[in-house]
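Peer 1: The following block contains a protein sequence and its predicted model.
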Amino acid sequence: MKIIVCIKQVPASTEVEIDPITGNLIRDGRNAKMNPYDLYAIETALRIKEFNGAHVATISMGPPSALAVLNESLWMGCDDATIMTDRKFGGADVVATSYTLAEGIKLIGSADLIICGKQTTDGDTAQVGPEIAENLKIPHLSYVDKIIEIKEKSIVVQVDMDSTEEVWEIDYPCLITVNKGIFTPRLPSYKRGKLFKDYEIRQIHFSDMKDQNEAHYGLKGSPTQVERMFPPIKNTDKEIWEDTDKNLALKLSKKLKEMKVV
Amino acid sequence: MAKKGIIVVNKSNVKQELIADYVKSCPFKAIVAKDGAVDVDQSACKICRICAKKYADVFTFQEIEEEKINKDEWVGITVFIEHDGKKIHPVSLELIGKSKELAKVTGHPVYALLFSDDEKKFTDTLLSYGVDKVYSYEHKLLDHFNVEYYVELMADFVSKVKPSTILYGGTSIGRSFAPRVAARLKTGLTADCTILDMKKNTDLVQNRPAFGGNIMAGIICENTRPQMATVRYKIFKMPEKVKPFGVVEKMSCKDIKFKTNMKLVEVKEKPKQIDISEADTIVCIGKPFKTKEQIQMAQEFADLLGAQLACTRPIVEAGAMPAIRQIGLSGRTVSPKLLICLGISGAVQFTAGMKGSEVVFAINNDENAAIFDFVHYGLVGDVFTILPELIKNLKGEKDV
C-alpha cells in the first residue's frame, strides 16, 4: 500500500495587523512551522504503516524553505518526501494549488490513499483536500475522526458531521482529510533523522510537469484575487468604563441586575 | 480595481543603500536581497502592492492579460439547499434571504437548487421564502449526501442554467462538496465569508477574515463564473416568509452518472451535546485563562448568570475546554442576547463568530485591545481582580 500525505509550511505566528497611521500591513512572520493539522495527517499515515507496512510519502508545494517541514515528516517516520517548488507555482489560490499538487501526486504515482490535514492555519479554507480529490477523479471524505478498518481494497472510517457521526467505506484510491485529535502525533526522532543524513528530497519544478500550460499554475491559474484588505468594521455605539477594579466589578454587577440577568 | 498581475523589479532603479529598506517594506517577506540584487519571491508575494506604493520607481505592478468572459451569459444567484432528508438546514434559508438582497443590485433572479429523493418535502418551504425558481433534481439515490453524485448534479446544473453565483452553507456537507465543484469547474470559491456584497457588473465581493489575524480580505472572482462562496450558519439573519410567487422546475436525471466508490455504512446520532450557538447568555473566556482554578472561577460566574461558558481558540488548543465550546470562525457562530468576554483580545477569527450578539460586555486590561471595537460596554481592568469581586457581589445580591 502506498500513502501520500500533503503537508504545508505555515507562518508560526499568523498575527497580522494594520498600522493605524500608515495603513500598511504589519506581519510578524519570524518563524515558520509545519501546519499543525498536518501532524495528524502524518500520524494517521504512520499508524496505518504500523498496521500493514504501507509506504508513506509526503509532498509539499512552497518555497525552498518548505524543505524543513518535509524533513520533519521524514524524522517522524515517513519514507519519502517531495517538494514542488517553482516561481511559476507562486501566488496560487486553492484551484491552482490543488491542481499543482494533484499533478505532482500523479508524477509520484500509484497512491492508494492520500491524507490531508483538515485545513491550514494560514489559509483556513479546508478546500485543498477535496479539490485535489476532484482533480484526481477519486472519492474523498472530509473531517474523518476515526479509522475503523483498513481493508485490502478499501478503508472504513468515521466522519464527523455537524449533528451525526457517519461511517463510510471508501474504495482506494481515495483521499481523506483528518480532524485534529484522530491520533496523538509523535515527535520527530533524532535517531531516525540520522538515517536521512544523505537523503535528498525529490524536487519537482515546472519543467518536470506533464501539463506545460503555464496558465494552469500559480497566479495565472488562480480564479480568485484579493481586491482589498481592510480592518474589521467597528462598533461605535459603546461605553468604555475606566475605574478601579473594585468599582468596575460593582458597576458591572449593578448593570447585570438592572438587565435582569441575575 | 483588482487586476491580476505580479510585482516586477525595475533593476536599473535599485539603489544599493535602500536594499535593506526594500526588504523591510514587505510584510510577507517576499522581497529578497541577494548579492546586491533585489528580487520578488512570487510564491510569498500577496500582491499587497505596499512596495509599489512606497518605492514606485523600483517595484511596479504588471498586469497579466487574460481572456475575458461574457458576464451577461451568467445569470442568477443560486443557493444550494442542504437538508437531512427531512428538514432544510436553516443556513440555506439565511442564504436565500441574503441572495434576495444581493439580487436587488443586479436584478438577477434567486434560485434554490434542490437534490432530493422527494422534492415535495421541501419545495413549499423554499417557495415561501421568496425564491424565483426551485431547480429540483429528484432521484431515489438522493436520499443522503454523496459527494460524487452531488458533483455530477452540480456540473449538470451549471452547464444548463449558467448561474452567476452559487452560495453554500459552511456546514460539513457544504465545506466538503463546494471545493470539489470549484475544482471541477475551475472556478473560485471563498470559504467562510462573513460579508457578501454585489457589484453592478455582477462580481460578488466575498469578504472574509484573512491570514488568521486582525484583517479582512475582499476577494473577487473577476474572470470566471459561477463565482462561489460558503457562509457559516448564523452569519446572516433568517429572512421573513413571503407569499410564494416562484415556480418549481424539474431537472432530468437521465444523463447523470450515478457512479460511486464510497458507501454509507451507518449514521450515528451524536450524544446530545450542549450547543452554545443556541444559548441566550454566554460568558466567554480568552487566552489569559490558563489554570483550572481560573476556568472554574469563570464557570462559577457563568452559573450565577445561568449562562453557557464558551472560549476562544487558544483555550481549545491548550486542551482546557472542548471544541464545541469555541466561539469563532473555526468554532461556533453565536448570537446571544448577552455576551460577556473575559480577557479576550478580539482577533477577527473570534469576532467573526460573535458579531450577531445583542449586548456585548468585555473586560480587558489593555485599553487598545481590538475587542473594545465590538462591545457595547468595555471595562478596562484586570479580569482576575474583577471576577472574584463580581462573583462576591452577585452572590450577595442573591442572598438579599
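Peer 2: Yep, that arrived. Numbers count the residues shown, from 1 in each chain, chains lettered A, B, ... in the order given.

Peer 1: can you pull out the strands in the stretch 1-150 of chain B?
Peer 2: Defined through DSSP state E, counting those that start in this stretch, the strands belonging to the stretch 1-150 of chain B, from first to last, are B:5-9, B:31-34, B:37-40, B:59-63, B:77-80, B:110-116, B:133-138.

Peer 1: Check the stretch 51-200 of chain A too.
Peer 2: When assigned using DSSP E, counting those that start in this stretch, the strands of the stretch 51-200 of chain A occupy the ranges A:55-61, A:80-84, A:113-117, A:140-150, A:154-160, A:164-171, A:174-178.

Peer 1: Packed most tightly, which of the strands of the stretch 1-150 of chain B would that be?
Peer 2: Neighbour counts averaged per stretch over the strands of the stretch 1-150 of chain B are highest for strand B:77-80, at a mean of 28; criterion: mean count of other C-beta atoms under 10 Å in any protein chain shown. All C-beta spots, glycine's among them, are computed from the backbone N, C-alpha and C.

Peer 1: ok, A:Leu141 - contacts?
Peer 2: With contacts taken as C-beta atoms under 8 Å, 6 or more residues apart in numbering or on different chains, A:Leu141 has the following neighbours: A:157, A:159, A:168, A:170, A:174-177, B:147, B:176, B:262.

Peer 1: Among the strands of the stretch 1-150 of chain B, which comes closest to A:Val128?
Peer 2: Closest of the strands of the stretch 1-150 of chain B to A:Val128 is strand B:77-80, at 20.4 Å (criterion: C-beta to C-beta).

Peer 1: Against which helices or strands is that closest one packed?
Peer 2: For strand B:77-80, the contact count by 3 or more C-beta pairs under 8 Å, 6 or more residues apart in numbering or on different chains; DSSP states H and E identifies helix B:90-106, strand B:110-116, helix B:147-161, strand B:165-169, helix B:172-185 as packing neighbours.

Peer 1: Quick one: closest of these to B:Ala302.
Peer 2: Nearest of those (C-beta to C-beta): helix B:90-106, 26.1 Å.

Peer 1: Measure how far that closest one is from the centre of its chain, please.
Peer 2: The gap between where helix B:90-106 is centred and where its chain is centred comes out at 15 Å by C-alpha atoms, centre = their mean, to the nearest Å.

Peer 1: thinking again about what came up before, could you redo the strands of the stretch 51-200 of chain A as JSON lines and give each row mean pLDDT?
Peer 2: Rendered in JSON lines, the data for the strands of the stretch 51-200 of chain A read as follows (pLDDT from 0 to 100):
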{"stretch": "strand A:55-61", "mean pLDDT": "98"}
{"stretch": "strand A:80-84", "mean pLDDT": "97"}
{"stretch": "strand A:113-117", "mean pLDDT": "98"}
{"stretch": "strand A:140-150", "mean pLDDT": "97"}
{"stretch": "strand A:154-160", "mean pLDDT": "97"}
{"stretch": "strand A:164-171", "mean pLDDT": "97"}
{"stretch": "strand A:174-178", "mean pLDDT": "98"}
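
Peer 1: Could you dump these into a markdown table with distance to B:Asp203 added?
Peer 2: Written out in a markdown table, the entries for those read as follows (distance: least, C-beta to C-beta, whole Å):
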| stretch | distance to B:Asp203 |
| --- | --- |
| strand A:55-61 | 28 |
| strand A:80-84 | 31 |
| strand A:113-117 | 30 |
| strand A:140-150 | 28 |
| strand A:154-160 | 35 |
| strand A:164-171 | 37 |
| strand A:174-178 | 30 |
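
Peer 1: do you know which of those lies nearest B:Ile324?
Peer 2: For the strands of the stretch 51-200 of chain A, proximity to B:Ile324 was assessed by C-beta to C-beta; strand A:154-160 is nearest, at 11.0 Å.

Peer 1: And the residue positioned nearest the centre of chain A, how far from A:Ile147?
Peer 2: In chain A, the residue lying closest to the centroid (C-alpha atoms, centre = their mean) is A:Thr120, at 3.4 Å. Here the criterion is C-beta to C-beta, to the nearest Å. By it, A:Thr120 lies 22 Å from A:Ile147.

Peer 1: sorry, back to before: of the contacts of A:Leu141, which is the most crowded?
Peer 2: Using other C-beta atoms under 10 Å in any protein chain shown as the neighbour criterion, A:Thr177 leads those with 29 neighbours.

Peer 1: Apart from its chain neighbours, what residue comes closest to that one?
Peer 2: A:Gly129 (4.0 Å; C-beta to C-beta, 6 or more residues apart in numbering or on different chains).

Peer 1: is it true that that neighbour touches A:Val178?
Peer 2: No. Under the criterion of C-beta atoms under 8 Å, A:Gly129 lies out of contact with A:Val178, with a separation of 9.4 Å.

Peer 1: need the residues of the stretch 201-350 of chain B near chain A, please.
Peer 2: Taking C-beta under 8 Å from any C-beta of the partner chain as the test, the list of the stretch 201-350 of chain B residues beside chain A reads B:205, B:209-224, B:260-270, B:281, B:304-306, B:329-330, B:338, B:348.

Peer 1: ok so, going back, would you reformat the contacts of A:Leu141 as CSV and include distance to A:Glu239?
Peer 2: What follows is those, written out as CSV (distance: C-beta to C-beta, whole Å):
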residue, distance to A:Glu239
A:Val157, 51
A:Val159, 46
A:Trp168, 52
A:Ile170, 55
A:Cys174, 55
A:Leu175, 51
A:Ile176, 50
A:Thr177, 45
B:Val147, 49
B:Ser176, 44
B:Met262, 55
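
Peer 1: low pLDDT regions in chain B?
Peer 2: Along chain B, the parts satisfying pLDDT under 70 run over B:1-3, B:65-66, B:211-214, B:397-400.

Peer 1: Break it down into its structural domains.
Peer 2: Each domain of chain B is listed here as a residue range: B:5-63, B:71-251, B:276-399, per automatic domain parsing.

Peer 1: Okay, helices next: where are they in chain A?
Peer 2: For chain A, the helices defined by DSSP state H cover A:36-52, A:67-76, A:94-108, A:128-136, A:190-195, A:245-258.

Peer 1: and the ones you listed, which is most packed in?
Peer 2: When you average the neighbours per residue for each of the helices of chain A (mean count of other C-beta under 10 Å), helix A:128-136 leads with a mean of 27.

Peer 1: any idea of the mean pLDDT in that one?
Peer 2: Helix A:128-136 shows a mean pLDDT of 98.

Peer 1: what's next to it, contact-wise?
Peer 2: A:6, A:94-95, A:97-99, A:101-103, A:105-106, A:114, A:116-117, A:120, A:139-140, A:142, A:173-177, B:147, B:151, B:176-177, B:179-180, B:182-184.

Peer 1: just stretch B:158-165 next, same as before
Peer 2: By C-beta under 8 Å, 6+ apart, the list of residues contacting stretch B:158-165 from outside reads B:71, B:73-78, B:99, B:102, B:106, B:108, B:111, B:135, B:157, B:166, B:185, B:202, B:204, B:225-229, B:251.

Peer 1: Now that stretch - C-alpha only, PDB.
Peer 2: Below are the C-alpha coordinates for stretch B:158-165, written out as PDB (Å, rounded to 0.1, in the frame of the first residue of the first chain):
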ATOM      1  CA  VAL B 158     -24.200  24.800 -14.200                       C
ATOM      2  CA  SER B 159     -23.900  23.700 -17.800                       C
ATOM      3  CA  LYS B 160     -27.700  24.000 -18.300                       C
ATOM      4  CA  VAL B 161     -28.600  27.100 -16.200                       C
ATOM      5  CA  LYS B 162     -25.300  29.000 -16.100                       C
ATOM      6  CA  PRO B 163     -25.800  30.800 -12.800                       C
ATOM      7  CA  SER B 164     -23.700  33.800 -12.000                       C
ATOM      8  CA  THR B 165     -23.300  33.000  -8.300                       C
END
